[in-house]
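1. Below are the sequence and a predicted model for it; my questions follow.
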Amino acid sequence: MADKTKSLLIKRYASRRLYNTETSDYVTLEDIAGFIRAGREVQIVDLKSGDDLTRQYLLQIVAENESKGQSVLPINVLTDLVRSYTTQATSVVPQFLAASFDMFRDSQSKWVENMGSINPMTKLPGFEAVQAQQEAFLKAMSGGVGKQWSGPEPEPVDDPPEDLDAIRKELAELKQKLSKLEK
């Protein structure tokens, strides 16, 4: 089981392939985005030089999502970001953006907390499931940014069938064999 408090180290090989050091397999940008959405901190480093490439890969993930029509950043915000690189505001923009996202996460968690305390619907059967869906929606809208849901835990999903685990194991073994053949 991976330690979610520890940063996940991804190494980039000269071939530009990305290697997950925890699971010893290659990953894609979509995999990295999934780790981040699940609450993991990720660090991407160049294997040869040791340079930290995290920022450039995170920007690439954002750019790919924006180009797929999953637009979160309005044109005027993007325009202002471009302008900030050529003005004296460059030094202020990172702090402003960080503070803005901190305030967003705080207000999001307060909203979720208040949903249970002020809403009379909380006594209705099945309301916990609706709250879990709302939390998932908020998490998706914020790209996974923010604190985890502190309300009642949703009912656990049955364990996957053993056949599925066997297929996953076999797939992982095949990936490993393929990656050895490519080297």
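-> Cool, the structure landed.

2. Dihedrals phi and psi, residue 19?
-> For residue 19, the backbone dihedrals (degrees, to the nearest 10) come out as phi -120, psi 120.

3. So what's the gap between the lengthiest helix in the chain and the chain middle?
-> Scanning the chain for the longest helix, with DSSP state H as the assignment, gives helix 93-118. Distance, stretch centre to chain centre, for helix 93-118: 17 Å (C-alpha atoms, centre = their mean, to the nearest Å).

4. Report all helices and strands that it contacts.
-> On a contact count with 3 or more C-beta pairs under 8 Å, 6 or more residues apart in numbering; DSSP states H and E, helix 93-118 meets helix 127-141. Placement of C-beta: from N, CA and C, glycine included.

5. what's the helix or strand just after the helix it packs on in contact with?
-> Next helix or strand after helix 127-141 toward the C-terminus (DSSP states H and E): helix 162-182. Residues from elsewhere that reach helix 162-182 (C-beta atoms under 8 Å, 6 or more residues apart in numbering): 24-26.

6. 7 Å - rerun?
-> The contact list for helix 162-182 (C-beta atoms under 7 Å, 6 or more residues apart in numbering) reads 25-26.

7. quick one: residue 114 from residue 28, how far?
-> As judged by C-beta to C-beta, to the nearest Å, residue 114 and residue 28 stand 38 Å apart.
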